[in-house]
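J.: what follows is a predicted protein model with its sequence.
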Amino acid sequence: MENQFKRKYKEDLPVLAICYDFDKTLSPNDMQAQGFIQDVGYDIGKFWKDSNKVSRENEMDSNLAYMFKMVEEAQGNFIVSKKTLADYGSKVELFKGVETWFKRIKEYGAQNGVIVEHYIISSGIKEMIEGTTMAKNNEFEKIFASSFYFNERGVAKWPAQAVNYTNKTQFLFRISKGVLDVNDQSVNQFFSQDEIRVPFRNIAYIGDSDTDIPCMKLVNTNGGHAIGVYNPNTEDTSKVFRMIKENRIRYFTPADYSEGTQIDKLIKAIILKTKVDEVLEDKHINDTKLANQNTKY
Ligand SMILES: [Mg+2]
């Protein structure tokens, strides 16, 4: 049967996939706590406490629990539709430089012969992230996040996807193989080294906390670039210090994405490394092929 899903295949130029967590990585706070929770009449701390209680008492995934609470508590207040969620998303505060970062970094890649792609891998709500200016400007290659199923009247009825810390890693394999559709099971097929579109050494993962650890560890142990960020206003470096000591991340920087900042310089260095690595890797693959063609043992 022909594969019904669209796939990405290897191009002539190397691809650097930069993957981002959202809450506290691109935005200083949880996206739900920037309007939605307040508008359903809840205190933020109490909302998370109650949602964690639902999760604990029912052995429910904590993301499914908060999604349940969102829908439940909105009843009688407002309709949870794609539009309402996108409107809340459009008001989410972003760290300095975030709004222009994606375009700038793509351009720097293009100037240096590297295709830069930006992917969101978040336990937050996809429909909210879609409301950000970056999403509206198509800066993201794909947004992998928790999302709702909306009925024919456009009302959120059921979770469509719930992205938690361990199933976040699935998306790194999808990106690596170019199998981006969440229902495409060929992500489990074997791909030879030269068919892999984005080898792990060409993946950068940027996150802030424990929920990013499985992704960071996977990227880090496979030669990629796991980066921890911390809030530049609070300057609380406790998490990134711990993560680097435990070998979860290779680097950390403040979450200020303006031109000339630490993360700007770091990603640009990674782009240049990607370009040089590719030249060496191509030569290695060609030399191995040549030897295999000309020897019998
Ligand atoms: Mg986070």
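T.: Good, I have the coordinates.

J.: what sits closest to residue 181 if chain neighbours are left out?
T.: In space, and not counting its chain neighbours, residue 181 is closest to residue 5: 4.1 Å by C-beta to C-beta, 6 or more residues apart in numbering. Bear in mind the C-beta positions are built from the backbone N, C-alpha and C, glycine included.

J.: now do the SS call for the one you found.
T.: coil (DSSP: H, G, I helix; E, B strand; the rest coil).

J.: what residues are up against it?
T.: 179, 181, 183, 184, 186 (C-beta atoms under 8 Å, 6 or more residues apart in numbering).

J.: go ahead and confirm the first one touches residue 187.
T.: So that's residue 179. Yes. With contact defined as C-beta atoms under 8 Å, residue 179 counts as touching residue 187 (4.4 Å).

J.: give me the common contacts of these two.
T.: residue 173.

J.: what's the nearest residue to the residue of the stretch 101-250 of the chain found nearest the ion if we skip its chain neighbours?
T.: Distances between the stretch 101-250 of the chain and the ion by C-beta to the ion are smallest at residue 208, namely 4.5 Å. The shortest distance from residue 208 to any non-neighbouring residue, by C-beta to C-beta, 6+ apart, is to residue 24 (4.3 Å).

J.: pLDDT score for the one you found?
T.: Listed pLDDT for residue 24 reads 97.

J.: tell me how far it lies from residue 97.
T.: Per C-beta to C-beta, to the nearest Å, residue 24 is found 16 Å from residue 97.

J.: more neighbours, the two?
T.: residue 24 (20 against 17; other C-beta atoms under 10 Å).

J.: quick one, what contacts that one?
T.: 30, 208, 209, 231, 255.

J.: same check, this time on residue 39
T.: Contacts of residue 39 (C-beta under 8 Å, 6+ apart): 77, 78.

J.: for stretch 29-37, what is the average pLDDT?
T.: For stretch 29-37, the per-residue pLDDT averages 95.

J.: from the contacts of residue 5, list just the buried residues.
T.: Among the contacts of residue 5, those buried by neighbour count (16 or more other C-beta atoms under 10 Å) are 179, 184.

J.: can you lay out the contacts of residue 5 as TSV showing pLDDT?
T.: What follows is the contacts of residue 5, written out as TSV (pLDDT from 0 to 100):
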residue	pLDDT
179	94
181	94
183	92
184	92
186	87
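
J.: phi, psi for residue 118 please.
T.: Taking degrees, to the nearest 10, you get phi -110, psi 130 for the backbone angles of residue 118.

J.: how confident was the prediction at it?
T.: With respect to pLDDT, residue 118 has a value of 98.

J.: okay, and the beta partners of it?
T.: Beta-bridge partners for residue 118, by DSSP bridges, are residue 18, residue 140.

J.: correct me, but it touches residue 15?
T.: No. Counting by C-beta under 8 Å, residue 118 sits too far from residue 15 to count as a contact (11.4 Å).

J.: what are the ranges of the helices in the stretch 101-250 of the chain?
T.: Ranges of helices in the stretch 101-250 of the chain, per DSSP state H, counting those that start in this stretch, are 126-129, 133-136, 168-177, 213-221, 238-245.

J.: mean neighbour count, these: which tops it?
T.: helix 126-129 (a mean of 26; mean count of other C-beta atoms under 10 Å).

J.: my read is that residue 20 contacts residue 204, right?
T.: No. Residue 20 is beyond contact range of residue 204, at 9.1 Å (criterion: C-beta under 8 Å).

J.: residues from the stretch 101-250 of the chain in reach of the ion?
T.: residue 208 (C-beta under 5 Å from the ion).

J.: kindly recompute the last result at 8 Å.
T.: Within the stretch 101-250 of the chain, the positions near the ion by C-beta under 8 Å from the ion are 122, 123, 207, 208, 209, 211, 212.

J.: and the residues you listed, which is closest to residue 276?
T.: residue 207 (25.8 Å; C-beta to C-beta).

J.: so what's residue 285 scoring on pLDDT?
T.: 87.

J.: burial measure for it, as a count.
T.: 12.

J.: what residues are up against it?
T.: Applying C-beta under 8 Å, 6+ apart, the residues near residue 285 are 193, 194.

J.: ok, back up a step: which stretch among the helices of the stretch 101-250 of the chain comes nearest residue 197?
T.: helix 168-177 (6.4 Å).

J.: which strands and helices sit next to that closest one?
T.: strand 15-20, strand 115-125, strand 140-150, strand 203-207, helix 213-221 (3 or more C-beta pairs under 8 Å, 6 or more residues apart in numbering; DSSP states H and E).
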